[in-house]
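In: Sharing a sequence plus its predicted fold:
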Amino acid sequence: MSVMAGAHQFSDDVVLIGGCGHAGLPLAIVLADRGASVVIYDVSDAKVKHVNDAELPFDEPGAAPLLRKVVDSGRLRATTDPSAVGSAQNIIVVVGTPVDEHLNPDPQAIPAALGVCTDYLRDGQLLILRSTVYPGVTGLVERMMAEQGHDVDVAFCPERIAEGRAMTELCSLPQIVSGCSERASRRAAELFGLLTDSIVELEPEEAELAKLFTNTWRYIKFAAVNQFYMIANSRGLDFERIRAAVAQDYPRAHDIPGAGFAAGPCLFKDTMQLAAFTDNQFHLGHAAMLVNEGLPLYVVSRLEERYDLSTMTVGILGMSFKGDSDDTRSSLSYKLKRILAFKAKNVLTTDPYVRTDPQLLPLGQVLAQADLLVVATPHSLYRELAVDKPVADIWNVLGRGVRV
Ligand SMILES: NC(=O)c1ccc[n+]([C@@H]2O[C@H](COP(=O)([O-])OP(=O)(O)OC[C@H]3O[C@@H](n4cnc5c(N)ncnc54)[C@H](O)[C@@H]3O)[C@@H](O)[C@H]2O)c1
């Protein structure tokens, strides 16, 4: 299927730069499933092999059968060869955009990834940034293209899926589309029209901020409830009982989340991108970071008040950053582990999904050997656990209350 006029000069419809990742691969799969001919260019040999073997490099519910289908049909393939960037009418850049160890964003992450591909760009292509970018990066890329003499249209169309829900959300969420020209917007809207009829048009800087606001809003909401949790808990009260009462049949608070570790590869770093954008005067964002990143320290301090941790083996249940996920990036479970390694006699860790951590132990062993347990990640299967030892469960996964 040709998704754009003039696609006859190109052998593929879409190429995704960084398309073997958590955001890129679901999009590649869905675009291919909707009829586009898709190629992924990615620097990871291992992930490219996984994709070409029709194996997901990470868990994403519902993606595996579709990946098999689109690879077998020849509509999706992956390569580490950057010349693939010249094969398609539409280029989507979805490489990672982390902040550094001093919480600085790197506005050059996208230009650097594109730099390797410069020789293969072709006039007439549409270049879409899908990564979450520091405001102004879309304009920077447009200038970079012009300076290099490339006649390409540049657009920014942020990815807003949540990991674990990608396969449904890609086609159910509205797509925010912004182009550096009317033609770029129109072409990007046409491409994302493969996913949904609900296209929301913005200017590029508006769209860049829209994406950062989306994640920061969520991060601040989690911080608010985590602070409420600490207030209630320090008073000896069960925050979950209060939260449930507030939310019950009360429309203005129906979406108040429960307390829990708020981390992962996006919310924290995008809040810090916004902080850098405001010359580090984003007090609310920094306060949210202090609350969310401080929660593991608070939990351990509370446990220290009740137990002599130096004589105890503590078991951590769940090491991924969110429930029912194998993704450990920026997981606060590891911060908790570091703190406990300093305070406790011994720390044991387990996770049913994570395959990349050789120190993980089977759940049964951790349950048997630990004197005290901390539920760090709300995996659904922990709901079934019968635990006969002290447990700190701020998520209320075990339904025994959240007091620590
Ligand atoms: N993970 C999500 O659910 C999600 C949701 C919305 C937005 N985002 C945004 O999407 C972007 C990507 O995030 P992610 O979680 O998919 O990251 P990721 O690390 O899972 O994937 C990035 C991919 O890019 C590849 N890569 C890195 N440098 C490259 C280069 N120079 N050329 C080609 N390939 C390269 C990596 O090998 C990897 O496969 C980020 O900006 C993130 O904020 C992610």
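Out: On my side now, so go ahead.

In: Show me where this structure dips below the pLDDT cut-off.
Out: Scanning the chain for pLDDT under 70 picks out 1-8.

In: and it, which residues reach the ligand?
Out: Counting by CB under 6 Å from any ligand atom, the positions of the chain adjacent to the ligand are 17-18, 20-24, 41-44, 47, 94-97, 113, 131-132, 159, 161, 163, 265-266. In short, each C-beta sits where N, CA and C put it, glycine included.

In: Out of those, list just those in strands.
Out: 17, 41 (DSSP state E).

In: Return the members of the residues of the chain next to the ligand classed as buried.
Out: 17-18, 20-24, 41-42, 47, 94-97, 113, 131-132, 159, 161, 163, 265-266 (16 or more other CB atoms under 10 Å).

In: and residue 92, that's in a strand?
Out: Yes - Residue 92: assigned to a strand according to DSSP: H, G, I helix; E, B strand; the rest coil.

In: how much space between it and residue 338?
Out: Counting by CB to CB, to the nearest Å, the separation of residue 92 from residue 338 is 37 Å.

In: Neighbour count for these two, which is higher?
Out: residue 92 (30 against 11; other CB atoms under 10 Å).

In: Please save the CA atoms from stretch 148-158 in CSV.
Out: Extracted in CSV, the C-alpha atoms of stretch 148-158 (Å, rounded to 0.1, in the frame of the first residue of the first chain):
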residue,chain,number,x,y,z
GLN,A,148,22.6,21.0,4.5
GLY,A,149,20.6,21.7,1.4
HIS,A,150,17.9,19.0,1.9
ASP,A,151,14.5,19.8,0.5
VAL,A,152,12.5,17.9,3.2
ASP,A,153,9.4,18.8,5.1
VAL,A,154,9.8,18.7,8.9
ALA,A,155,7.1,17.9,11.4
PHE,A,156,6.8,17.1,15.1
CYS,A,157,4.1,14.5,16.1
PRO,A,158,4.7,13.4,19.7
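
In: what comes up buried for it?
Out: In stretch 148-158, counting by 16+ other CB under 10 Å, buried: 150, 152, 153, 154, 155, 156, 157, 158.

In: And for stretch 103-117?
Out: 103, 105, 106, 107, 109, 110, 111, 113, 114, 117.

In: In this structure, what residue comes closest to the ligand?
Out: residue 21 (1.8 Å; CB to the nearest ligand atom).

In: OK, contacts around that residue?
Out: 42, 47, 94, 95, 96 (CB atoms under 8 Å, 6 or more residues apart in numbering).

In: I'd like to know which elements the strand or helix carrying residue 67 is packed against.
Out: For residue 67, the enclosing helix or strand under DSSP states H and E is helix 63-72. With contacts defined as 3 or more CB pairs under 8 Å, 6 or more residues apart in numbering; DSSP states H and E, the packing partners of helix 63-72 are helix 24-33, helix 45-52, strand 76-79, helix 166-172.

In: What is the burial count for the nearest residue to residue 64 once chain neighbours are set aside?
Out: Distances taken as CB to CB, 6 or more residues apart in numbering put residue 56 closest to residue 64, at 5.6 Å, once the chain neighbours are dropped. Per other CB under 10 Å, the neighbour tally for residue 56 reads 18.

In: Contacts made by stretch 274-285 with the rest, please.
Out: By CB under 8 Å, 6+ apart, the list of residues contacting stretch 274-285 from outside reads 99, 103-105, 134-135, 212-213, 216, 219-220, 271-272, 286, 289.
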